[in-house]
Structures are given as C-alpha cells and as structure tokens.
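Novice: coords below, sequence missing:
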Ligand SMILES: Nc1nc2c(ncn2[C@@H]2O[C@H](COP(=O)(O)OP(=O)(O)OP(=O)(O)O)[C@@H](O)[C@H]2O)c(=O)[nH]1
C-alpha cells in the first residue's frame with residue numbers, strides 16, 4: 001500500500017498525471033470501494049473526465065453488504081453512468097467490464113468502420129484512490145504480475161499498455177487520486193476500510209465511529225461478534241470488548257488503544273462479516 005500524505009503539491013501533481021493519461025484513452029474505469037461507493041470517490045474526477053465514457057467499478061464487493069451493493073448498483077447507474085460490482089482479487093465480474101466497455105464504445109467504433117478506418121483496440125485506464133485495488137485489478141486483467149505498485153516521483157517513463165483479450169489495451173499504471181477530506185465521517189469511513197493511513201486519525205475515534213455505526217446499522221452482527229446481550233454505552237462497551245479480547249495493561253486496566261486496534265482490525269478483516277459504510 002502506498003503511503004501518501006495528500007499535500008496540495010501532491011494533489012496538483014496527481015491531477016496533472018491523470019489529465020495526461022486521460023488524453024490517451026477511450027474509456028475510464030473508476031475504481032471505487034464497494035463498502036464506501038460515495039466516500040471512496042475523488043471529488044475532482046467528474047471535472048477531469050468531463051464527457052469521456054466511464055464505468056464505475058465497485059471493487060471488494062466480497063467485503064461489502066450484498067444488499068447494500070445491490071442498492072448502490074441501482075442508485076448509481078443511469079444515463080451515461082455505468083456501474084458494475086467486481087472482486088478484483090478473485091476476478092469476479094472482470095469479464096463483464098470488458099464487454100461493457102465494448103458495448104459503450106460500439107457507436108464510436110461503428111463510425112470508424114463506416115469511414116473505412118480499421119478498428120483498433122479500445123484504450124482504457126484505471127483511476128482510484130489509494131488501496132482501492134488498482135494494482136490487483138491491473139494484475140488480474142493482465143494475467144501476470146506486471147503492474148507495479150506505486151510510482152517513482154520525478155521519474156517520467158513512457159506509458160506501457162497491457163493487452164486485455166483481443167479488444168482492449170489498458171495503461172499499465174493507474175491514475176492515483178486523493179480521497180475526500182470533506183468531513184470527519186468520510187475520514188472515519190476511509191480509515192475503517194484502510195484507504196488512509198492509521199496515523200492520520202485517532203484510532204480510538206475511528207473505532208468509536210465504527211462501533212456506533214455497527215450499533216445503528218448492524219446491531220445483530222455487533223452483538224454476535226462480541227458476545228453481547230444488549231449494547232451498552234460506549235465506555236462499558238469498550239471495557240467489555242477490551243476484557244473479552246485481553247486488551248489489558250499490566251495492572252489489569254483496559255488498554256483502550258489496543259482495544260481500538262482490535263476493533264478496527266476485526267472490521268477490516270471481515271470478522272464482522274461483509275459491511276457497507278455508505279448506506
Ligand atoms: N477482499 C478483497 N481484497 C481486495 C480486492 N481488491 C484488492 N484487494 C486488496 O486490497 C489491498 C490493496 O490493493 P492494491 O491493488 O494494492 O490497491 P491499489 O489501489 O493499487 O493501492 P495503492 O498502490 O495504494 O494506490 C490489497 O491487500 C489487495 O489484496 C477485492 O476485490 N477483494
């Protein structure tokens with residue numbers, strides 16, 4: 001995972017790089033995290049892409065609440081927006097993304113054929129925030145490990161294309177854009193899904209947000225995981241989980257930092273099952 005701190009200079013550079021790459025492609029795959037389809041979007045992408053065809057991919061669908069994913073697929077698609085749920089790690093849904101791209105670009109290809117131009121491969125790129133699964137997806141589509149994780153600042157290199165089947169060529173490096181920094185809640189969701197570094201937010205705050213979210217939206221799951229009859233207030237809840245999981249200091253007191261880590265690790269590690277945080 002790339003450890004990016006998004007300072008204004010980095011944002012400007014990322015924007016420039018994505019803008020350059022966009023000129024080379026016919027279609028953009030916007031990779032989103034199926035657990036946070038709204039919070040994992042980059043706030044500037046619409047402006048950068050403008051009228052270029054785009055397919056939104058809800059990745060890590062295996063980690064998201066299937067009912068919520070079904071609702072998001074319906075809600076986000078319509079008009080010019082196409083959405084698919086995928087799982088880049090296992091490869092689920094990837095055949096559909098190539099077919100959908102062919103379908104979207106068919107009118108353009110038809111026009112080329114009508115002018116007597118021999119159709120070339122569709123050129124595509126992947127964009128997304130850190131840790132959303134860009135490299136995993138590129139590697140999957142390539143069928144071998146040729147996509148590199150991360151990039152080297154200051155080193156400009158020629159773009160290389162990966163052949164995906166007979167009809168598509170994919171840029172071998174993804175466009176990396178920053179996540180939203182709009183409000184605390186978005187930040188917590190990004191932290192719970194591993195999109196931002198653990199040092200950016202206070203882990204106790206992140207875990208408290210997680211527990212309150214679970215209490216509200218997935219109470220049965222919360223109770224089952226931590227052997228609760230009822231869900232108590234936040235401090236006794238922390239005490240209970242800390243004791244249950246052995247997060248204790250030398251004197252026997254509950255170690256809240258450790259407890260927070262355990263809760264976050266449980267959520268990220270799917271110990272509470274598949275969850276969606278944008279509902
Ligand atoms: N469960 C699950 N995990 C996934 C999926 N796709 C990617 N991952 C995992 O998510 C983590 C991040 O994946 P990467 O492919 O490195 O993400 P990236 O977007 O290239 O990350 P950066 O290099 O930070 O920009 C890895 O641990 C992957 O194994 C998926 O569909 N399901």
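Specialist: All right, it came through fine. None of the values given here were measured: they were computed from a predicted structure. Numbers count the residues shown, from 1 in each chain.

Novice: what about the closest residue to residue 137 other than its chain neighbours, how many neighbours?
Specialist: Taking CB to CB, 6 or more residues apart in numbering, and ignoring the residues beside it in sequence, residue 137 has residue 88 as its nearest neighbour in space, at 4.0 Å. Quick note: C-beta positions are derived from backbone N, CA and C, even for glycine. If you count neighbours by other CB atoms under 10 Å, residue 88 ends up with 26.

Novice: ramachandran angles for residue 88?
Specialist: Backbone torsions of residue 88, given as degrees, to the nearest 10, read phi -60, psi -30.

Novice: what does the one 4 residues further on give?
Specialist: For residue 92, the backbone dihedrals are phi -70, psi 130 (criterion: degrees, to the nearest 10).

Novice: which residues touch the nearest residue to it once chain neighbours are set aside?
Specialist: Once flanking residues are discounted, residue 92 sits nearest to residue 86: 6.2 Å by CB to CB, 6+ apart. By CB atoms under 8 Å, 6 or more residues apart in numbering, the contact list for residue 86 reads 57, 58, 59, 61, 92, 93, 94, 96, 97, 137.

Novice: next one: residue 247
Specialist: Counting by CB under 8 Å, 6+ apart, residue 247 makes contact with 241, 254, 255, 256, 258, 259, 262.

Novice: how about residue 69?
Specialist: Taking CB under 8 Å, 6+ apart as the definition, contacts of residue 69 comprise 34, 58, 61, 85, 276.

Novice: tell me the secondary structure at residue 116.
Specialist: The three-state label given to residue 116 by DSSP: H, G, I helix; E, B strand; the rest coil is coil.

Novice: give the next helix or strand downstream of the helix or strand harbouring residue 139.
Specialist: Secondary-structure assignment from DSSP states H and E places residue 139 in helix 134-142. Sequence-wise, the next helix or strand beyond helix 134-142 is strand 161-164, with elements assigned using DSSP H and E.

Novice: what is the mean pLDDT for the helix or strand just after that next one?
Specialist: In the C-terminal direction, the helix or strand that comes right after strand 161-164 (DSSP H and E) is strand 168-171. Predicted confidence along strand 168-171 averages 94 (mean pLDDT).
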